[in-house]
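Peer 1: Need coordinates for the following:
(4 chains)
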Protein chains: 2
Amino acid sequence: MVVRAEALDATFAALADPTRRAILARLAQGEATVTELASPFQMSQPAISKHLKVLERAGLISRGRDAQRRPCRLEARPLKAATTWLASYRDAWEESFQRLDDLLDELKREEEG
Amino acid sequence: MVVRAEALDATFAALADPTRRAILARLAQGEATVTELASPFQMSQPAISKHLKVLERAGLISRGRDAQRRPCRLEARPLKAATTWLASYRDAWEESFQRLDDLLDELKREEEG
DNA sequence: TAGTTTCATAACCTACTGGTTTTATACCGC
DNA sequence: GCGGTATAAAACCAGTAGGTTATGAAACTA
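Peer 2: Modelled structure (predicted):
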């Protein structure tokens, strides 16, 4: 998978905010409207709308239409691209830390067990 | 692996800059001094020093001492933590995109083949 | 000792981020 | 059409990010 630098810039920058990561975590459970996404936070609604715009421009979410509501859906592609980029450092990790394989195997075991 | 939110903030923010990603790519090949790291860029040396400070505070690099030189080394732990975080979205990805397993298997195949 | 190399720090500038409040837009139900 | 609901947009503000130049400090070299 070839990923342009600006795409990674936008993805990582979007992921660097805890509010946005929490929004993504919520969306991993399924679609949600802006109000639903805003409710757990003390922030104002426009602040959430700004975060959603950041996520949308990074391609991490897409938005539909349902009357006044704009349901948001998680988009996987940039997350996968980020993972691919990180995976290219696996060899360096193995040198300095431990094998990613262990992690992946562990994840697989969790999935199957 | 439990990762504090601030750690992920710092890691993803550090990865959101192409210069810093390029520095990490260079360091994946092995240790390098500040001047060596700066040479591929048109930027001033202090700019590189700032980037290195960001990487260091994110725990992505560590620095030694060799006379006047401050050799930098890649540190894997935060990269692994970021990968772990991304991996927790795998189920959502599979729904909306395709199985991460395919990617991982492909990477394994590349490694072994 | 003096000069050179390596790197960091300080001060500064511009642009962007992340929040606010206020206002506008679009759609629904009555 | 009118009031309520859902969301976006505008204007504003403080803080931070990423660059610059100029300067300083530490350690080698002659």
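Peer 1: is it true that residue A:42 lies in a helix?
Peer 2: No. Counting by DSSP: H, G, I helix; E, B strand; the rest coil, residue A:42 is not found in a helix; it is coil.
Peer 1: How many neighbouring residues does the residue lying closest to residue A:56 once chain neighbours are set aside have?
Peer 2: In space, not counting the residues next to it along the chain, residue A:56 is nearest to residue A:63; the distance is 6.6 Å by C-beta to C-beta, 6 or more residues apart in numbering or on different chains. C-beta coordinates here come from the backbone N, C-alpha and C atoms, glycine included. The number of residues packed near residue A:63 is 16, by other C-beta atoms under 10 Å in any protein chain shown.
Peer 1: Could you do residue A:3 as well?
Peer 2: 15.
Peer 1: Could you pull up the contacting residues of the residue lying closest to residue A:69 once chain neighbours are set aside?
Peer 2: Nearest residue to residue A:69, sequence neighbours excluded (C-beta to C-beta, 6+ apart): residue A:33, at 4.6 Å. Going by C-beta atoms under 8 Å, 6 or more residues apart in numbering or on different chains, residue A:33 touches A:66, A:69-72.
Peer 1: Can you show me the strands along chain A?
Peer 2: For chain A, the strands defined by DSSP state E cover A:61-63, A:72-74.
Peer 1: can you give me the helices for chain A?
Peer 2: Counting by DSSP state H, chain A has these helices, from start to end: A:5-15, A:18-27, A:34-38, A:45-57, A:77-87, A:90-96, A:100-112.
Peer 1: so residue A:11 sits right up against residue A:77, yeah?
Peer 2: No. At 9.5 Å, residue A:11 does not count as touching residue A:77 under the criterion of C-beta atoms under 8 Å.
Peer 1: sorry, back to before: pretty sure the residue nearest to residue A:56 contacts residue A:70?
Peer 2: Yes. Shown here, residue A:63 and residue A:70 form a contact pair, counting by C-beta under 8 Å, at 4.8 Å.
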